[in-house]
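Asker: kindly generate the corresponding structure for this input.
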Amino acid sequence: MYLTAQEVQRRSDGEREIHAFLHLHDTEACPFPEAMADVPLKAPGRLVVSRPEHPRVEFGGNDVLSYMDIVVNDLLWSAFWFDRLAGIRAKIERDALVRSEWSLGPFYVAFSVHATEPPAVAFDALVVHLSGLTSQASALSEAAWREHRSRREAPPVRSRRAAG
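Answerer: Okay, here's the model as predicted:
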């Protein structure tokens, strides 16, 4: 699962907007890679949700002023992981971090800000937009877990020919 939020700025007139996206790695065409840091650029997965639904600043071709990437296996997502962002925010504010990455067990977070605002302010704005996706992420993760479990527990299919 890959959740990302980006504050973007349209080049032509400078208008800004935050875009948020939720991707899943739930098909053979979109498997979850071994290295979580590869997800944003090499293996983002299948786009499931994008916000806002009707953006003022069109998707693509904009300058990225700040972003946050959250990566966790589809089967392991929990709102618990989202709650861990408070500790990351404290580090950003304390150390005035403008770019950093964290691995917290199976949870990976990357944050970068290029704007002139304080990093913690940019972080908070991105978190607000990602929070709108967390309930959907939880529901999709639960569905992925049920599907995974049902495939594991399903009895093997025997053909009539093999049975005699």
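Asker: mind checking the end-to-end distance for stretch 100-111?
Answerer: Length of stretch 100-111, first residue to last, CA to CA, to the nearest Å: 5 Å.
Asker: what's the mean pLDDT across the host helix or strand of residue 131?
Answerer: Here residue 131 sits within helix 119-153, counting by DSSP states H and E. For helix 119-153, the mean pLDDT works out to 76.
Asker: do I have it right that residue 97 meets residue 88?
Answerer: No - Residue 97 is not in contact with residue 88 according to CB atoms under 8 Å; the separation is 9.2 Å. (Each C-beta comes from the backbone N, C-alpha and C, glycine too.)
Asker: intersection of neighbour lists for the two?
Answerer: Residues touching both residue 97 and residue 88 by CB atoms under 8 Å, 6 or more residues apart in numbering: residue 111.
Asker: low-confidence regions, this structure specifically.
Answerer: The chain contains residues with pLDDT under 70 at 79, 137-138, 140-146, 148-164.
Asker: ranges for the strands of this structure?
Answerer: 2-9, 16-24, 46-51, 63-71, 99-104, 107-113 (DSSP state E).
Asker: which of these sits closest to residue 84?
Answerer: strand 99-104 (5.8 Å; CB to CB).
Asker: now do the closest one against strand 107-113, angle only.
Answerer: 170 degrees (axes from the mean of the first three to the mean of the last three CA atoms, to 10 degrees).
Asker: next, count neighbours for residue 55.
Answerer: Using other CB atoms under 10 Å, residue 55 has 14 other residues around it.
Asker: my bad, should have said residue 126
Answerer: 24.
Asker: pretty sure it sits against residue 66.
Answerer: Yes - with contacts defined as CB under 8 Å, residue 126 counts as touching residue 66 at a distance of 6.4 Å.
Asker: picking that back up, out of the strands of the chain, nearest to residue 133?
Answerer: It's strand 16-24; of these, that one is closest to residue 133 (CB to CB) at 4.8 Å.
Asker: partner strands of that closest one and their direction?
Answerer: Using DSSP bridges, strand 16-24 pairs in its sheet with strand 2-9 (antiparallel), strand 46-51 (antiparallel).
Asker: what residues sit buried inside it?
Answerer: Along strand 16-24, these residues count as buried under the neighbour rule (16 or more other CB atoms under 10 Å): 17-24.
Asker: kindly indicate which of those residues lies nearest residue 9.
Answerer: Nearest to residue 9 among those, with distances taken as CB to CB, is residue 17, at 8.3 Å.
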